[in-house]
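1. no sequence on hand, only this structure:
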């Protein structure tokens, strides 16, 4: 549908009618050939900014096929770990890391089950926010705070909330409405929503938890002009 090696329309329909975990298990072998994967330009820019500060250990949350963890692995002194709830995604991440000769580690784990305590200099994520419901977002931020060492950073891409005059706003709202209807009619639910951790919402939660928040706009023009790179730093003691 998107690429000769990508999923067909019927495969995407099967995914949409499955649970979140089962759906991504199905999609995993072809995920690299879909538009759902974070573009290389965004992956490499985030890795470049993260590497501006020495890092021993990095954590990639909801890592999917591990694009961020694989990009960051050569830039860390000790380890780059990616976690994801999907066994299929983790298997694919391990395969790609092996093929690329990258020393990144991957583990099946629900991010809400993680119990890391000041183990990482950086936490990154890409594409995770749509799977985190709004009431869960404060807990999500708290877990990141606990996982980071003092002075550690949480880096991620987001966008400002679009205005109601922009087509992207109504496209996202339409998709979200369809997902709500789908989850009423079909069980188990598939959790994926847009506009859930916008720049405004993320900044509010991060500041409230105690992070120092910096926002960069690396791409002033083109496809990624709306993208904002957020760098939230846990203060030193």
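-> Noted; the coordinates are in hand. Remember, predicted model here, so these are calculated numbers, not experimental data.
2. please make it C-alpha for all contacts and neighbour counts, starting now.
-> Noted.
3. distance check, the residue most central in space within the chain against residue 69.
-> In the chain, the residue lying closest to the centroid (CA atoms, centre = their mean) is residue 126, at 2.4 Å. Here the distance between residue 126 and residue 69 works out to 11 Å (CA to CA, to the nearest Å).
4. what do these two both touch?
-> Jointly contacting residue 126 and residue 69 under the rule CA atoms under 8 Å, 6 or more residues apart in numbering are residue 63.
5. now the helices: where do they sit in the chain?
-> 9-16, 20-27, 40-50, 67-72, 87-100, 137-147, 167-185, 199-209 (DSSP state H).
6. between the last one and helix 137-147, how big is the angle?
-> Okay, so that is helix 199-209. Counting by axes from the mean of the first three to the mean of the last three CA atoms, to 10 degrees, helix 199-209 lies at 50 degrees to helix 137-147.
7. check the third one too.
-> Direction vectors for helix 40-50 and helix 137-147, defined by the same axes, to 10 degrees, enclose an angle of 50 degrees.
8. now helix 40-50: mean pLDDT?
-> The average pLDDT for helix 40-50 rounds to 96.
9. surely residue 197 is in contact with residue 158?
-> Yes. With contact defined as CA atoms under 8 Å, residue 197 reaches residue 158; the gap is 7.2 Å.
10. give me every residue that touches residue 141.
-> Counted by CA under 8 Å, 6+ apart, residue 141 has contacts 205, 206, 209.
11. mind checking pLDDT for the last one?
-> Residue 209 carries a pLDDT score of 97 in this model.
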